[in-house]
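Q: only geometry, no sequence info:
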Ligand code: SAH
């Protein structure tokens, strides 16, 4: 797939140069869609490829908050399609319509677009509507990895990622997965732990973990990972609910080997240290 910028490495950072062909190639009748993971927040955690594509495309589409995160990369010549949180389907349809007109379109999604993000919905829509579009997914740093790096090294062994949001997934299914992950002694990363409307899921999740894990099992809580406002705490299963948990929080529950020291949470890989 063709992009029209060239990246240059310089001592004081990375710069982009336009090549002679200009900003975009709208002559192609087959529209191009990029589903771009923009990482957890601050631009320094955006991949170079994501940076390049957001700079190059004709149209950038995304939830308002994510557009704001990459706002400084978007120029006046680019069209922006932004909508509120629950308008995912409309947003994707608008973005795909723009692509069908021959535009190069980036659909931005926080973290990794393929982890509770927009990538699946885009591909499902292209398949269902039998659209003649080229779709490329650009990976991003997902919240699990961003939060883990802030906490130390809690994901050094097998881990499971579970979203506590029951908006699209039946709660019964979530409970079943929590039980299996806890019973399997996985480290567990919880996404969407709590929102204004969903306060009890994290309470129930903790109860399930306590049926399989020690109350002293380390729990890392990271709010706004890799953003200017980042906050983290390492606590344990017993006390985790005393901490502030919200929409932009990732919770990591250790396995039976996980330990904490100073400001770090570590799950041993098994080396003899
Ligand atoms: N596609 C995103 C996840 C979207 S689901 C990704 O790959 O990261 C939204 C959930 O992700 C939030 O409820 C929170 O649990 C987590 N999350 C996203 N950004 C985060 C951040 N900067 N810090 C902590 N958690 C974050």
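A: Here it is on my side, so go on. What you see is a predicted model, and the numbers here were worked out from it, not measured in a lab. Residues are numbered from 1 along each chain as shown.

Q: From here on, just use CA atoms for contacts and neighbour counts.
A: Noted.

Q: Show me where the chain has its helices.
A: 48-56, 64-69, 88-100, 119-128, 143-151, 171-183, 201-210 (DSSP state H).

Q: Worst mean pLDDT across the helices and strands of the chain, which element?
A: Lowest on mean pLDDT, DSSP states H and E among the helices and strands of the chain sits strand 5-10, with a mean of 50.

Q: circling back to that earlier point, among the helices of the chain, which comes closest to the ligand?
A: Among these, helix 143-151 comes nearest to the ligand, with 3.7 Å by Cα to the nearest ligand atom.

Q: ok, residues contacting that closest one?
A: 39-40, 111, 154-155, 161, 189, 191, 220-222, 225-226, 232, 234, 250, 252, 263-265 (Cα atoms under 8 Å, 6 or more residues apart in numbering).

Q: Show me those that map onto strands.
A: 161, 189, 191, 220, 221, 222, 232, 234, 250, 252, 264, 265 (DSSP state E).

Q: what's residue 189 in contact with, if anything?
A: 144, 159, 160, 161, 162, 250, 251, 252, 253.

Q: Among these, which one lies nearest to the ligand?
A: When these are compared against the ligand (criterion: Cα to the nearest ligand atom), the nearest one is residue 250, at 4.2 Å.

Q: Return the residues of the chain in contact with the ligand.
A: Taking Cα under 6 Å from any ligand atom, the part of the chain that reaches the ligand is made up of 40-41, 110-113, 115-117, 142-143, 191-193, 222-226, 247-250.

Q: Out of those, which end up buried?
A: Buried subset of the residues of the chain next to the ligand (neighbour count, 16 or more other Cα atoms under 10 Å): 40-41, 110-113, 115-117, 142-143, 191-193, 222-226, 248-250.

Q: Please parse this structure into its domains.
A: Split into domains by automatic domain parsing, the chain comes to 5-138, 143-266.

Q: distance between the ends of the shortest one?
A: When the termini of domain 143-266 are compared using Cα to Cα, to the nearest Å, they are 17 Å apart.

Q: show me the contacts for the closest residue to residue 165 other than its chain neighbours.
A: Leaving out its chain neighbours, the residue that sits closest to residue 165 by Cα to Cα, 6 or more residues apart in numbering is residue 192, at 5.6 Å. Shown in contact with residue 192 (Cα under 8 Å, 6+ apart): 163, 164, 165, 247, 248, 249, 250.

Q: ok, residue 102 touching residue 32?
A: Yes - if you go by Cα atoms under 8 Å, residue 102 and residue 32 touch, sitting 7.5 Å apart.

Q: In terms of packing, which of these two has more residues around it?
A: Comparing residue 102 with residue 32 by other Cα atoms under 10 Å, the one with more neighbours is residue 32, at 26 against 20.
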